[in-house]
Structures are given as C-alpha cells and as structure tokens.
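**Student:** Need coordinates for the below:
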Amino acid sequence: MSQGIGGVGGSGSVGGVGSLGSGNINFIFAKLQMELAASAKEAAMGHISQIQETQQEQKKVANMLQTCRGLQNEAKASGKTTEMPKEIREFMDKNNLKYDLTTGGNKNPTKETADSWHNKDEWDVAIQSLEAYQETLGTDIQTKMVYVQDFMGQYNSYTQGANSAIQSGMQTLSSVARGQ
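**Tutor:** Below you'll find the model as predicted:
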C-alpha cells in the first residue's frame, strides 16, 4: 500500500512531523503517554527499593531493642550493670543516637571515654533513643508508600490515556479504510 491519507503508510508507522495526520497524532500521544508511564513506574520502583532497605533497617533496630531490653532486665535482676554490645554502640554512634555516657569518676564523659556498662536506669536512655529512631523509620516508610501510590496512580492514568489514544487512532484508521 502506498502512503495513505495524512501520512499513515501501509504499515501504520508514524511518520515525521510534516506527515502528521489525525490518526498519527493519537499514536504519538499514546507513545508519549507510555513514556510517561515508564517514568512513573521507574520512580515507584525506586521508592519500593528504598522502602525495602528501610524495612531491613527497622528489623535491625527491633533486634537491637530486644537485646537492650534483655540486658536491662538482666541488670535489674542482678542489681549490677550489663555491657552494651559493641555493634549496638557503633550503630548508635553512627546514627547519632543517645545512650548514657556516665562513667565512674569522669565528670565530662564523651563517647570515646564512656564505658559500655549500664545499670537498669541507664539502659532507658538507649532504649528510648532506639524506639524513637524506629518510629522515625516507620514514618519514613509510610511517606515513601504514599509516593509509591502516587506514582502508581500516575502510571495507571498514563497507560489508560495511551489505551484511549490508540483506540481513537484505530477508529480513525478504520473509518479511513472504509472510506468514511
């Protein structure tokens, strides 16, 4: 078939700007809608990956909380102090989370000079700090889920727009083919 009305060839391919016809505009619009849908899907997938990472962090914090509570209970039962594991202390330092820095005779303790040993009351500082951090992570996850829902809504809208444009273009081509 030779070049048809409005620049639509026998294969139905989209021509250049100079050959745009009423059917071609629908297909160009559909292509644009699909590109926008792909962009929205990519953004949603990025946020989903971030949510998964944050959930792993949240699980890690939950395990640390369980450990700290166990050590607090052990200190309470014995009336002595229990040692904060090095991994927890490093995590708390890395994330600027507070824990008790008091030491025997040090009047101005720092994280470098503080001991890792805590009594039942000193454990409260670390536990409350971890709980607050865990809550922050939960809020972050909820915010990212809202973004994912928004991007998926955009994706659905764009794919529906592309489908409508294709249907309209097909109706136009069918009318042209029937000579109407």
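**Student:** residues in contact with the residue nearest in space to the middle of the chain?
**Tutor:** Central residue of the chain (C-alpha atoms, centre = their mean): H47, 2.6 Å from the mean position. With contact set as C-beta atoms under 8 Å, 6 or more residues apart in numbering, H47 has these partners: K144, M145, Y147, V148, F151. Any C-beta I mention is one placed from the backbone N, CA and C, and that applies to glycine too.
**Student:** Work out for me the element it sits within.
**Tutor:** Here H47 sits within helix 22-78, counting by DSSP states H and E.
**Student:** Ok, L97 next?
**Tutor:** Using DSSP H and E, L97 maps to neither a helix nor a strand.
**Student:** Looking at it now. What's its pLDDT?
**Tutor:** Listed pLDDT for L97 reads 95.
**Student:** Next, give phi and psi for H118.
**Tutor:** phi -130, psi 140 (degrees, to the nearest 10).
**Student:** Next one: the residue nearest to the centre of the chain from Y158, what distance?
**Tutor:** Note on H47: its distance to Y158, by C-beta to C-beta, to the nearest Å, is 17 Å.
**Student:** cool, and V146?
**Tutor:** Counting by C-beta to C-beta - V146 and Y158 are separated by 19 Å.
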